[in-house]
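Visitor: Following is a predicted model, sequence given first.
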Amino acid sequence: MAEERRKVEARIKKLLKELSVAQQCSLSEISHFGYTLSFVRQTPEGKLAVVQLGDASITIDEEGEIDHNSSIKIRD
């Protein structure tokens, strides 16, 4: 179990390096509510951080703007 947790933490650290400073700040603000970074998607507008809490997904654009009503599709 500890090994699994280390793998998850390593993956998240790698993803955090891809984020802009603004995205990192926004993520820090919402992580207090339990949201975790799931993945980073490259879009024509820039990198988009996808953050999840249970079944709820939100996105953070490169400017650090949080979209609670994102239309992003997430596969199961």
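Guide: Noted; the coordinates are in hand. What you see is a predicted model, and the numbers here were worked out from it, not measured in a lab.

Visitor: pLDDT of stretch 66-76, averaged?
Guide: The average of the pLDDT scores along stretch 66-76 is 83.

Visitor: For Ile66, see how far away Gly54 is.
Guide: To Ile66, Gly54 is 17 Å away according to C-beta to C-beta, to the nearest Å. Heads up, the C-betas are built off the backbone N, CA and C, glycines and all.

Visitor: the more surrounded of those two?
Guide: Legend: neighbour count by other C-beta atoms under 10 Å for Gly54 and Ile66, higher for Ile66 (17 against 7).

Visitor: what is the more buried one paired to in the beta sheet?
Guide: For Ile66, the beta-bridge partners are Ile60 (DSSP bridges).

Visitor: Can we start the residue count at 44 from this point?
Guide: Got it, the first residue is 44 from now on, which makes the last one we talked about Ile109.

Visitor: Can you give me the distance of it to Glu47?
Guide: Ile109 sits at a distance of 29 Å from Glu47 (criterion: C-beta to C-beta).
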